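S.K.: The amino acid sequence is not available; the structure is as follows:
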């Protein structure tokens, strides 16, 4: 696929724009400007446009539309990830968190099976 520049971007500084690699290069000190200004709105319009044309689209870094949206949500949020717009890092943290949750669920399941078997005997 050939990546073409969208004319949606008009007010957002070029260095902060989402690119074909799936990168958002927003410095932490520019978080308020990005999140409260035209960049966020224009980026969401670009994501909507891509999503409406190509479902299951992936950027060069393998990020999906939802990965980008999640990164923006976290980066613009008021939690510990505020100001962090590294999409690849966000995906890695999310995968690690999901793996931890899955391991805990498996462990709880095993414990319940052992306890359940003990009650039957």
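M.R.: Arrived safely. Quick caveat: nothing in here was measured; it's all calculated off a predicted structure. Numbers count the residues shown, from 1 in each chain.
S.K.: Any regions of the chain where pLDDT drops low?
M.R.: 1-8, 95-121 (pLDDT under 70).
S.K.: please redo it, this time with the cut-off set to 80
M.R.: The model of the chain has pLDDT under 80 over residues 1-10, 93-121.
S.K.: And for residue 78, the neighbour number?
M.R.: By the criterion of other C-beta atoms under 10 Å, residue 78 has 6 neighbours. All C-beta atoms are positioned from the backbone trio N, CA, C, and that covers glycine.
S.K.: That one is in what secondary structure piece?
M.R.: Using DSSP states H and E, residue 78 sits within no helix or strand.
S.K.: Then residue 33?
M.R.: Per DSSP H and E: helix 31-35 holds residue 33.
S.K.: Return the set of buried residues in the helix or strand following that helix.
M.R.: Later in the chain than helix 31-35, the nearest helix or strand by DSSP H and E is helix 38-53. Residues 38-40, 42-43, 46-47, 50 are the ones in helix 38-53 that count as buried (16 or more other C-beta atoms under 10 Å).
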